[in-house]
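In: what would the 3D arrangement of this be:
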Amino acid sequence: MLAQKKDINHAQAAAMNQQVTELAAAEGLDYQLDRAKPGNTFDAHRLIHLAAAHNLQAQAKERLLRAYFTEGLPISDHDTLATIGSQLGLACDEVRAMLASDVYADNVRADEQRAAAFGIRGVPFFVIDEHYGVSGAQAPGVFLNALEQAWAAAHPLTLLSAPSQDDANCDDGSCAVTPARGIAEYSK
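Out: Residues are numbered from 1 along each chain as shown. Have a look, this model is predicted:
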């Protein structure tokens, strides 16, 4: 499937999967991509919404990821989803009833529309503070940079008053704030 999607040969696709597996292992994750069973994840996303209604959204997402990437379970299969729901502590009857209906379908479609509005075309994709996006599996430094940019934009430094040039901690027009003369003194 990867070879077809990327228009590469099977050996190149296998090498890409091996690289992802090795990167995952370096982070303590056990990926078995040779066991993964691709399929439509729409109902798995509906299960996440059901789990969220029971304050189990994060656990559901993590369990589905492990089922797909490590265990090779078909997360598009209703029996698999019912089992996963039960493992999360959801009533199996409630999970099966949700899967047999349209419940949470509108929520998933809204999620898809929101992703499209962000320009997301693949996974993984991380949105930070509704303004910054990181596409793909990136090095930690890329995420750190994005988080620092988001933090700086959301928390701009506001200088309340400038210290005088006579201040002992200032020279060349710059000023160091020390614990003994903290920011409270400069904000008077």
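In: check what pLDDT the most centrally placed residue in the chain gets.
Out: Central residue of the chain (CA atoms, centre = their mean): residue 126, 4.8 Å from the mean position. If you check residue 126, the pLDDT there is 93.
In: that one pairs with what?
Out: Beta-bridge partners recorded for residue 126 (DSSP bridges): residue 134.
In: who's in contact with it?
Out: 133, 134, 143, 146 (CB atoms under 8 Å, 6 or more residues apart in numbering). (Glycine included, C-beta is placed from N, CA and C.)
In: swap the cut-off to 10 Å and go again
Out: 120, 132, 133, 134, 135, 136, 138, 142, 143, 146, 147 (CB atoms under 10 Å, 6 or more residues apart in numbering).
In: how about residue 15?
Out: By CB under 10 Å, 6+ apart, the contact set of residue 15 is 8, 9.
In: which non-adjacent residue is nearest residue 142?
Out: Counting by CB to CB, 6 or more residues apart in numbering, residue 134 is the residue found nearest to residue 142 once chain neighbours are left out, at 6.0 Å.
In: surely the one you found touches residue 141?
Out: No: using CB atoms under 10 Å, residue 134 is not in contact with residue 141; the gap is 11.1 Å.
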